[in-house]
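> Predicted model follows, preceded by the sequence.
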Amino acid sequence: MSLHTRVVLLDFRIITGIKKCERQYIDGSDGKNGRALGDFGPVCSFGSGNEVNMCDWSSPNPDPAQQRVGSPSPIASWTLSTGANALWVGGPRNDTSGDDKGGYAFHETSSTSNSQTYTAVMESNVQPATGANGKCLKFWYTIQGLSANMLKVQVKDVENNEVTTIWDTRDHTRGDWKEAQALYTYTKNHTLVVEAVPASNNEPFNIFRGHVAVDDLGVRPGQECIGLCSFEGGMCDWNNARSDDFDWSLGRGTQNPITGPPRDHSSSGGGYLGGAYAYINSDFPRRPDDVARLESIEFQETDPNNPPCMRFFSFLSGRGVGSLRVIIQDVVTRNERVLWALRGNHGSQWIMAQLPLSSNTPFKVKFEGTVGTPRLGDIAIDDITIISGPCATLPTIASPPNSGDCTFEEDTCGWTNPNLRQRLDDLDFTRLRASELSFPTADHTIGTAAGNYMALENPERKQEGDRAWFISPIMTGRRQVKCLSFWYLMFEPLNDESEPNLGSLSAFLKREDSLGSIILTPIWSLHNFQGLTWYFAQAPLRADGDFQVVFEGVWGSAFSKGSVAIDDISIFEGNCPTVPEAAVVRAGDCTFTRGSCGWQNVTSDPDFYWVNASPLRRPVSMNDHTYGAPGLSGYFYIIMLYLEKLNIVDLFMEVRRVTHTPALMTESFGADTNTTLKVYQRPAQDTSNQIINNLTDDVLIWDFRPIHERLSGWQFGQVSLVSSSRFQLIIEGFSYNGGFTLDDFKIYSGQCTRRPKNDRSERVF
């Protein structure tokens with residue numbers, strides 16, 4: 001018996017022409033004449049409306065008496081539903097076509113505090129041996145909610161009920177449907193099993209709503225899994241290049257015991273007899289540095305928001321082995337880039353490899369094997385797969401120099417903490433194994449307690465505002481926009497009485513000017529509690545010349561028991577949008593924990609101006625708003641004691657036919673009822689970054705005056721900005737006896753209503 005698997009997740013729709021309630025047979029027939037054993041026949045779209053159905057798949061209806069709490073592997077049935085019933089029974093709001101009447105199968109993963117969690121199981125009819133070309137299982141899936149843990153597909157042997165996982169994922173889809181493909185071969189009768197796995201009973205998440213759903217489930221000939229290959233049925237979508245020295249060959253096992261491999265990857269771990277792989281033969285007449293190239297068919301440009309990840313297994317054994325490289329070629333310009341490379345002997349073992357594929361033009365992928373010492377080292381590859389979403393390069397030593405990719409399973413891949421002499425931070429990011437702490441219970445890479453990640457150091461004694469930098473290797477920008485992707489976790493225990501004060505996680509682009517001074521450009525930032533699990537993040541990197549990426553973690557409270565952590569960093573070519581949207585950093589955004597973010601004083605009086613608060617210089621009992629911490633210098637303030645002065649802060653900002661919403665937190669203090677705070681918008685009058693003092697074009701867009709009595713606590717304000725060109729914002733404070741504090745400026749996309757309402761006859765805020 002032999003089982004071989006290749007998996008691909010794609011973001012573009014390959015299943016076409018699907019209509020709900022229609023069965024689509026692979027052979028083009030209407031299915032009226034029946035089907036032989038193993039003819040899956042339809043792509044199952046689970047019907048629509050009141051006519052949802054399981055097609056040729058079945059889901060067990062277990063005896064409730066056998067599903068007692070504590071029973072081993074309790075199972076449940078998948079639920080058939082539509083988006084129209086999502087709020088009632090659960091599941092996504094629509095099917096893959098966007099129709100809330102279209103059917104799908106889903107499993108509600110949450111449970112009550114005193115009940116058992118169940119894995120939902122869906123099984124196909126019995127299938128015969130697949131043949132050498134295998135079968136391609138295609139489907140769409142979505143995973144959502146804290147209690148949703150995993151979706152997996154297994155092959156189940158009909159004779160002995162043994163199961164082997166051929167595809168799985170834990171990554172949530174952020175409300176989207178994603179396409180998956182799994183190519184597999186099997187030499188005996190079998191079934192396919194689709195499982196939706198909830199969080200375990202001992203996890204804190206199982207009481208929260210969540211679901212795993214599948215749609216458009218169908219099996220096709222193996223050739224329809226584009227780009228995937230295990231080499232049992234030939235080279236698939238891969239071909240030997242014409243412009244090299246010799247060709248890649250197909251084999252089942254080496255005849256040279258000192259080079260290997262003795263078997264292909266899938267059969268090497270068990271008693272299976274089948275299987276094949278592609279390899280370069282270093283026997284006569286090969287000579288040192290001979291090159292063989294295996295190239296893919298042409299692929300279309302990748303989605304900059306979600307480029308694919310290619311995985312395969314490599315075998316480099318023998319003291320004279322040469323090198324293996326993976327190259328991406330732009331088919332328009334013929335330019336090539338090396339994405340992955342290994343050289344030398346790596347032992348008699350198959351090594352799992354992965355690398356991100358990103359290109360804004362059509363491209364080909366090439367495997368390049370180079371001969372070392374003839375007869376003393378062969379190179380083999382097997383089980384090529386392509387999955388959806390960026391990934392960090394594995395193994396780490398195969399990454400291009402200073403790539404920045406890292407899973408942190410082996411080391412930190414060139415990412416470093418600043419040394420003490422640099423005086424850039426107070427703490428470190430530390431590499432932790434998930435089993436060392438009670439939370440998080442798993443890393444992101446392998447999803448277990450044995451996995452590693454990087455976390456903001458959390459000593460027993462720390463100060464509010466203590467920060468740590470984690471700096472990438474030096475990289476070079478060549479006018480192409482790159483994308484930084486990573487996974488993050490920001491958790492703090494909260495109750496009904498506590499305020500969020502975890503701190504922040506930010507990413508910066510770091511460069512040096514001609515004098516060696518550090519220039520930091522914020523590209524991504526989130527504050528305080530963000531959730532109970534790992535979340536995906538990305539941000540564009542725009543830089544020419546040498547640059548580094550800096551992650552900065554900041555503790556908001558000296559007593560925080562939370563976690564700020566990152567994992568699975570990948571940097572690739574492409575202009576990606578910022579994820580999540582809340583992490584977008586725009587001109588004017590500022591928490592004032594790191595300077596004034598480009599806001600500048602223009603008050604002419606040297607004794608009277610806006611001041612950045614510090615622990616030693618701030619209004620009495622005035623805490624920072626961002627973290628609620630008294631010891632942080634995290635806001636601007638002005639104090640007027642029987643004075644009449646004008647105070648202005650100025651900023652340049654780019655806006656092009658977009659409506660923006662600026663929001664700020666402000667607190668007023670003092671006895672003067674004439675105390676006012678105003679915001680003006682002024683068109684930019686030149687192209688420099690110099691402050692413009694011409695007040696004639698100022699437009700008052702927001703003002704605030706405390707009415708009736710002094711207000712206590714931070715208050716919220718917002719106003720719409722509309723402009724098709726660059727402009728400045730001016731904030732003006734005025735009082736005889738009183739003052740204002742300002743914090744947490746944020747520019748949002750979209751229109752908004754004024755806050756507070758512009759009605760001086762009523763108390764606002």
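Structure's in. What do you need? Numbering: from 1, shown residues only.
> where's the residue nearest to the spatial centre of the chain, which helix or strand?
Nearest to the mean C-alpha position of the chain, by C-alpha atoms, centre = their mean, lies Phe536 at 2.6 Å. Using DSSP states H and E, Phe536 sits within strand 535-541.
> thinking again about what came up before, dump the residue contacts of the residue nearest to the centre of the chain.
Asp171, His172, Arg174, Gly389, Ser485, Trp487, Val579 (C-beta atoms under 8 Å, 6 or more residues apart in numbering). Any C-beta I mention is one placed from the backbone N, CA and C, and that applies to glycine too.
> Tell me how many other residues surround Glu732.
By other C-beta atoms under 10 Å, 17 other residues sit near Glu732.
> ok so, going back, how close does the residue nearest to the centre of the chain get to Asp567?
11 Å (C-beta to C-beta, to the nearest Å).
> Could you do Pro304 as well?
Using C-beta to C-beta, Pro304 is found at 22 Å from Asp567.
> These two: which is more packed in?
Neighbour count, other C-beta under 10 Å: between Pro304 and Asp567, Asp567 has more, with 24 against 19.
> re the thing from before, which neighbours do Phe536 and Asp567 have in common?
Shared contacts of Phe536 and Asp567, counting by C-beta under 8 Å, 6+ apart, come down to Trp487.
> Straight-line length of stretch 197-212, end to end?
Terminal residues of stretch 197-212 lie 8 Å apart, using C-alpha to C-alpha, to the nearest Å.
> and what of stretch 263-279?
Span of stretch 263-279 from end to end, C-alpha to C-alpha: 12 Å.
> go on, stretch 248-262?
17 Å.
> Buried residues in that stretch, which are they?
Trp248, Gly251, Arg252, Thr254, Thr259, Gly260, Pro261 (16 or more other C-beta atoms under 10 Å).
> Also stretch 234-243?
Result for stretch 234-243 [16+ other C-beta under 10 Å]: buried residues Cys236, Asp237, Trp238, Ala241.
> isn't the last one right up against Ser296?
No. Contact status for Ala241 versus Ser296: not in contact, 10.6 Å apart, counting by C-beta atoms under 8 Å.
> so what sits against both of the two?
With C-beta under 8 Å, 6+ apart, Ala241 and Ser296 have common neighbours Lys366.
> which residues sit in contact with Asn345?
So Asn345 contacts Leu316, Ser317, Gly318, Arg319, Val321, Gly377 (C-beta under 8 Å, 6+ apart).
> just Asn256 next, same as before
Neighbours of Asn256 in contact, by C-beta under 8 Å, 6+ apart: Asp283, Arg375, Asp378.
> Count the residues that sit near the first one.
Think Asp283. 12.
> these two touch, right, it and Thr373?
No. Using C-beta under 8 Å as the test, Asp283 is too far from Thr373 to be in contact (11.6 Å).
> if we can go back for a sec, show me which pair in the contacts of Asn345 is furthest apart.
Pairwise distances across these (C-beta to C-beta) peak at 11.1 Å, for the pair Leu316 and Arg319.
> coming back round to it: in strands, which of the buried residues of stretch 248-262 fall?
Gly251 (DSSP state E).
> quick one: which of the buried residues of stretch 248-262 is nearest to Glu573?
For those, the nearest to Glu573 is Trp248 (27.0 Å; C-beta to C-beta).
> do you know how far that closest one is from Asp698?
70 Å.
> One more: Cys229?
66 Å.
> residue ranges of the helices in the stretch 51-200 of the chain, please?
Using DSSP state H, counting those that start in this stretch, the helices of the stretch 51-200 of the chain run over 86-89.
> all strands of it, in order?
Counting by DSSP state E, counting those that start in this stretch, the stretch 51-200 of the chain has strands at residues 75-76, 79-82, 103-108, 119-123, 135-145, 148-157, 163-169, 178-186, 190-198.
> which other helices and strands contact the shortest one?
So the one you mean is strand 75-76. strand 119-123 (3 or more C-beta pairs under 8 Å, 6 or more residues apart in numbering; DSSP states H and E).
> Repeat the analysis, applying 10 Å as the threshold.
With contacts taken as 3 or more C-beta pairs under 10 Å, 6 or more residues apart in numbering; DSSP states H and E, strand 75-76 sits against strand 119-123, strand 190-198.
> Same list, these, but as a markdown table with mean pLDDT, distance to Thr445 and mean neighbour count please.
A markdown table is the format used below for the helices and strands packed on strand 75-76 (pLDDT from 0 to 100; distance: least, C-beta to C-beta, whole Å; neighbours: other C-beta atoms under 10 Å):
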| stretch | mean pLDDT | distance to Thr445 | mean neighbour count |
| --- | --- | --- | --- |
| strand 119-123 | 94 | 23 | 20 |
| strand 190-198 | 95 | 18 | 23 |
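> Dump these to a markdown table, plus distance to Arg754.
Below are those laid out as a markdown table (distance: least, C-beta to C-beta, whole Å):
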| stretch | distance to Arg754 |
| --- | --- |
| strand 119-123 | 49 |
| strand 190-198 | 45 |
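> Among those strands, which comes closest to Leu146?
Nearest of the helices and strands packed on strand 75-76 (C-beta to C-beta): strand 190-198, 10.1 Å.
> hang on, isn't Ala129 packed against Thr185?
Yes. Assessed by C-beta atoms under 10 Å, Ala129 is found in contact with Thr185 at 8.3 Å.
> who's more crowded, these two?
Remark: of Ala129 and Thr185, Thr185 carries more neighbours, 25 against 16, as counted by other C-beta under 10 Å.
> show me the contacts for the closest residue to the more buried one other than its chain neighbours.
For Thr185, ignoring the flanking residues on the chain, the nearest one in space by C-beta to C-beta, 6 or more residues apart in numbering is Gly134 at 4.0 Å. Counting by C-beta atoms under 10 Å, 6 or more residues apart in numbering, Gly134 touches 4-6, 182-186, 221-223, 225, 228-230, 232-233, 236.
> Now the buried members of those residues.
4-6, 182-186, 222, 225, 228-230, 232-233, 236.
> Looking at those, spot the one nearest Glu464.
The closest of the buried ones among the contacts of Gly134 to Glu464 turns out to be Ala182 (C-beta to C-beta; 50.0 Å).
> For burial, what's the neighbour tally of Pro395?
Neighbour count for Pro395, taken as other C-beta under 10 Å: 17.
> Also the one 10 residues further on?
For Asp405, the count of nearby residues is 26 (other C-beta under 10 Å).
> ends of stretch 167-181, how far apart?
Note: stretch 167-181 ends 9 Å apart using C-alpha to C-alpha.
> List the buried residues for it?
So stretch 167-181, judged by 16+ other C-beta under 10 Å, has buried residues Trp167, Asp168, Thr169, Arg170, Asp171, His172, Thr173, Trp177, Lys178, Glu179, Ala180, Gln181.
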